[in-house]
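Colleague: Next come a sequence and a model predicted from it.
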Protein chains: 2
Amino acid sequence: MTIWQQYEPALLTDLYELTMAASYLEEGMSGEATFSLFIREYPAHRAYFVAAGLEHLKEILPQMRFSDAAIDYIASTGKFSPAFLDYLRAFRFTGTVRAIPEGRIFFTQEPILEVTAPIIEAQLLETLVLNVVQMETLIASKAARCVHAAGGKGLIDFSFRRTHGVDAGVKVARASYLAGFLGTSNMLAGKIYGIPVFGTMAHSYVTSFSSEMDSFLAFARAFPDNVILLIDTYDTLCGARKAIEVARLLAAEGKKVRGVRLDSGDLVQLSREVRNLLNDAGFADVKILASGSLDEFKLQELLAAGAEIDVFAVGTRMGVSADAPYFDIVYKIVEYDGRPLLKLSSGKKTWVGRKQVFRYYDELGKMREDLLGIMGEEHPEAESLLDVVINDGKLVRPFESLGPIRDRFAKELETLPLAYRDLQTTGTYPVKISAALDDLEERTAREKTKQEIMGK
Amino acid sequence: MTIWQQYEPALLTDLYELTMAASYLEEGMSGEATFSLFIREYPAHRAYFVAAGLEHLKEILPQMRFSDAAIDYIASTGKFSPAFLDYLRAFRFTGTVRAIPEGRIFFTQEPILEVTAPIIEAQLLETLVLNVVQMETLIASKAARCVHAAGGKGLIDFSFRRTHGVDAGVKVARASYLAGFLGTSNMLAGKIYGIPVFGTMAHSYVTSFSSEMDSFLAFARAFPDNVILLIDTYDTLCGARKAIEVARLLAAEGKKVRGVRLDSGDLVQLSREVRNLLNDAGFADVKILASGSLDEFKLQELLAAGAEIDVFAVGTRMGVSADAPYFDIVYKIVEYDGRPLLKLSSGKKTWVGRKQVFRYYDELGKMREDLLGIMGEEHPEAESLLDVVINDGKLVRPFESLGPIRDRFAKELETLPLAYRDLQTTGTYPVKISAALDDLEERTAREKTKQEIMGK
């Protein structure tokens, strides 16, 4: 058994979700609660997020059960009553999930999803929902920036070796493909999601042969239709000349070198020199790939400086979202038993009640502003972003394939005004609060302040 | 089937590992290769690393097989010959792994492990070995800094909701416990590794009751032996006064409030005021816990400013190693068929050949310096860090329990001079290169330069 086989969704949780649930059960609190999942703040130089992770939740939630092994473990902590263990044994998610589909753009304060369910169920999902959605949204949002910076050049995910574990690696491949990457080096993700996989050779391959030339020729023998040569093992320009020799040899057999890859040194200077060498030798169709510590900032810098690179392999910094390795994402209760709820903790605002995001476009079809309002408000000229995806614990929308989600995001990004796509943006997309929501928030806060704090 | 059940170690790989392997097979390259896993550079303000991940590799490598489903997927790419697919079907790891045990401290350039095996096998492990070891070493190293900063105060891992996926969440709990944390909120990790689990209530719990006081009383009814109250939902000092009321009520029944938790606001000021309120009310034994955007820097700042906090719950920033979310870790071929190998790519030095790390201590038992040398060199006064853990593909060391590894690290950290433990260190622990290794490196580089570059 591998460690991953022991990962069951019902235990993808924190102890406190279970202690709270046990107390709710003991108190007979069976009313419906609504929790909102949203991001509080933008990381530096970020102005939008790309929704991802929902399809995984759609897989998990309707099937979520506590296995016997899980119950045994929970019992072994000695903290829980037989009645609560029985509750867990019979657990089924029976609630409703309303969510923004994957591949859509959203902003701070806007719920990515809302769960409405008997409070125990909705509470038990907290850790799971946060973990699944934050990870995938984090990477889709980072990868989208790389896609923007690449300005039409191809991108491939090379991050698997340095992602935070295996689950992250697979999800990074999926999220970056969703955001517009061409594919990934990651075989697990290729198998699970049908994402195109790319890759040819490492430096170890080149050095293991008695000469660089021998390694190139061996690779061409093994993969004559996919000859992409890594040319920086010893010296990039010498490597380029050897690649040209190989290209000539292959040309004699009606075959080609498809590309060369650079992985070190001054990529601007080297790519231009390699491009010239290739062009002068009559191999203008040989593509230049580059890799090595790339991210959206580096891509922008390389292209602005005139690098002659056709495809970028982007690894670690995208795969861990290095400049912003987490979002301030939270899952907050906003209603219980019909009563709007909030906490007053300093600096941590939550909008009460079940909500909807209403989006307005300008006459050119670009996003103009969003309105955060109460679910059920009528704004006929706006588009509503949250839809019911699970009802009574059952899927009401079929699973979406990755291809259409990817297409949706490509279109969606076009509707985002350029100012917010800019890598160094300082702009904030307007998200207004509806009068009704503002009023509800104000009344709720006033009452709670009076009840809990005035006596201070 | 959950997504995690589809994660099989043999596919925890990049396509290029397979294309290289296929070419080695076709070329009849069956000689032994050695690969070294090491970290090239320190992130800012880091001066040491904590080895972790080896126990997972010990589980995976001897059992690693390509399932039929994996072979089918690999075949479906259309890139591979029947002979190579047969090779994969029969794949067993038959090599040797020498490694630094978990919980030991190591430095840049030092191999954490070396794999010696027929080149195809050693190559195929690259992505897997990197992914497993980087993640766990990354977090153990970050958590160790928190332990140092906490200066004896307790630490609990609260990061599961924002780790990069589930695998990361479980491994963060294990790696932080290894580094000295008291436990985790993470139920999966509690179940899998037997790590103590902690947790009581969230703000959602407090707000879902008609009053804060009601929520505190309900919790005390459900968990009378583990009453830890979250007191900042509305106003921290009001919350503290209510916790004192609860403590008085419980005292009448011979029970106690064990602690209160602060999660927002000025933790220095609030913790001192809460401490005073508790002490004045006769509850000096009630502990104060704090959470909310903590990391080693914040811990140090809080304690230096006189915060009265007994236990810190450290979450996201530790769980994603936010200041350094990846290491520049690589797995490089250093020998093939008895021949030392290196690449010459600019700025990417690799020490050739099979190596050993020799450690010297001063008269007080503190680490003085390390010597990176060739395996087999004799340095009788030094300790050798790498040991054989797998030989002929089989474990030669039993699995280690987490407890002893944790104890080992606690002792190990004491032997590291304080200058390198400092959070803002600019010092670099001395790692010298043996004369024999330096000579071998120099000869190998000279020969390769002559062969591959002189004609430039």
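Modeller: Yep, it's here. Residues are numbered from 1 along each chain as shown, chains lettered A, B, ... in the order given.

Colleague: Got the phi and psi for the residue nearest to the spatial centre of chain A?
Modeller: Against the mean C-alpha coordinate of chain A, by CA atoms, centre = their mean, the closest residue is A:Glu136 at 2.6 Å. Backbone dihedrals for A:Glu136, given as degrees, to the nearest 10, come out at phi -80, psi -40.

Colleague: That one touches A:Leu57, doesn't it?
Modeller: No - if you go by CB atoms under 8 Å, A:Glu136 and A:Leu57 don't touch, sitting 9.8 Å apart. In this view, the C-beta of every residue, glycine as well, is placed from N, C-alpha and C.

Colleague: Spell out which residues are contacts of both of those two.
Modeller: Common contacts of A:Glu136 and A:Leu57 (CB atoms under 8 Å, 6 or more residues apart in numbering or on different chains): none found.

Colleague: give me the beta-bridge partners of A:Val314?
Modeller: A:Asp157 (DSSP bridges).

Colleague: Distance check, it against A:Gly31.
Modeller: Distance, A:Val314 to A:Gly31, by CB to CB, to the nearest Å: 47 Å.

Colleague: element containing the spatially closest residue to A:Pro43 that is not a sequence neighbour, please.
Modeller: Residue nearest to A:Pro43 in three dimensions, not counting chain neighbours: A:Ala324, with 3.5 Å by CB to CB, 6 or more residues apart in numbering or on different chains. For A:Ala324, there is no helix or strand it lies in under DSSP states H and E.

Colleague: A:Ala324: neighbour count?
Modeller: When neighbours are counted by other CB atoms under 10 Å in any protein chain shown, A:Ala324 registers 20.

Colleague: Confirm for me that it is in contact with A:Ile39.
Modeller: No - contact criterion CB under 8 Å: A:Ala324 and A:Ile39 do not qualify, at 11.0 Å.

Colleague: right, and A:Thr137 touches A:Phe327 too?
Modeller: Yes - counting by CB under 8 Å, A:Thr137 touches A:Phe327, with 6.9 Å between them.

Colleague: show me the contacts for the residue nearest to A:Pro43.
Modeller: A:Ala324 sits in contact with A:Pro43, A:Ala44, A:Arg46, A:Leu138, A:Lys142, where contact means CB under 8 Å, 6+ apart.

Colleague: same thing with A:Ile120?
Modeller: Contacts of A:Ile120 (CB under 8 Å, 6+ apart): A:Ala21, A:Tyr24, A:Leu25, A:Met29, A:Ser30, A:Tyr87.

Colleague: likewise A:Ser185?
Modeller: A:Ser185 touches A:Ile156, A:Asp157, A:Phe158, A:Phe160, A:Val197, A:Phe198, A:Gly199, A:Ala313, B:Asp14, B:Leu15, B:Tyr16, counting by CB under 8 Å, 6+ apart.

Colleague: B:Phe297 versus that one, what's the distance?
Modeller: Between A:Ser185 and B:Phe297 the computed distance is 35 Å (CB to CB).

Colleague: pLDDT at whichever residue of the stretch 351-456 of chain A sits closest to chain B, what is it?
Modeller: Closest residue of the stretch 351-456 of chain A to chain B, CB to the nearest CB: A:Glu452 (3.8 Å). Note on A:Glu452: pLDDT of 91.

Colleague: next one: A:Val50
Modeller: At A:Val50, pLDDT is 98.

Colleague: Kindly provide the distance from the residue nearest to A:Pro111 when sequence neighbours are not counted to A:Ala140.
Modeller: Of all residues not flanking A:Pro111 in the chain, A:Ser36 sits nearest, at 4.3 Å (CB to CB, 6+ apart). As defined by CB to CB, A:Ser36 lies at a distance of 20 Å from A:Ala140.

Colleague: if you count what's nearby, which of those two comes out ahead?
Modeller: Shown here are A:Ser36 and A:Ala140; by other CB under 10 Å, A:Ala140 has more neighbours (29 against 24).

Colleague: and the more buried one, what does it touch?
Modeller: A:Val50, A:Ala51, A:Ala52, A:Glu102, A:Gly103, A:Ala175, A:Ser176, A:Leu178, A:Ala179, A:Phe409.

Colleague: can you tell me which two in those residues are farthest apart?
Modeller: A:Ala51 and A:Ser176 (14.6 Å; CB to CB).

Colleague: ok, the two, which is more surrounded?
Modeller: It is A:Ser176, of A:Ala51 and A:Ser176, that has more neighbours when counted by other CB under 10 Å, with 31 against 27.

Colleague: The more buried one contacts A:Ser141, doesn't it?
Modeller: No - with contact defined as CB under 8 Å, A:Ser176 and A:Ser141 do not form a contacting pair (10.6 Å).

Colleague: buried set for stretch A:413-422?
Modeller: Going by neighbour count (16 or more other CB atoms under 10 Å in any protein chain shown), the buried part of stretch A:413-422 is A:Leu413, A:Leu416, A:Tyr420, A:Arg421, A:Asp422.

Colleague: Equivalent analysis for stretch A:322-339, please.
Modeller: Quick answer for stretch A:322-339 (16+ other CB under 10 Å): A:322-336.

Colleague: Just the ones of these in helices?
Modeller: Using DSSP state H, no member of the buried residues of stretch A:322-339 sits in helices.

Colleague: Cross the residues you listed against strands and list the overlap.
Modeller: A:Ile329, A:Val330, A:Tyr331, A:Lys332, A:Ile333, A:Val334, A:Glu335, A:Tyr336 (DSSP state E).

Colleague: Which single one of these is nearest to chain B?
Modeller: Once CB to the nearest CB is applied, the member of those that ends up nearest chain B is A:Ile333, at 3.7 Å.

Colleague: Quick one: residues contacting that closest one.
Modeller: A:Ile333 touches A:Ala33, A:Thr34, A:Phe35, A:Ala122, A:Gln123, A:Leu341, B:His203, B:Ser204, B:Thr207, B:Ser208, counting by CB under 8 Å, 6+ apart.

Colleague: Swap in 6 Å and give it another go.
Modeller: By CB atoms under 6 Å, 6 or more residues apart in numbering or on different chains, the contact set of A:Ile333 is A:Ala33, A:Phe35, A:Leu341, B:Ser204, B:Thr207.

Colleague: Around the first one, how many other residues sit close by?
Modeller: Spelled out, it's A:Ala33. 26.

Colleague: what's the answer for the fourth one, then?
Modeller: By other CB under 10 Å, the residues close to B:Ser204 number 25.

Colleague: Which pLDDT value belongs to it?
Modeller: B:Ser204 is given a pLDDT of 97.

Colleague: about what we covered before: cross the contacts of A:Ile333 against helices and list the overlap.
Modeller: B:Ser204, B:Thr207.

Colleague: Using TSV, lay out the contacts of A:Ile333 together with distance to B:Ile244.
Modeller: Output for those, formatted as TSV (distance: CB to CB, whole Å):
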residue	distance to B:Ile244
A:Ala33	29
A:Phe35	30
A:Leu341	25
B:Ser204	23
B:Thr207	21
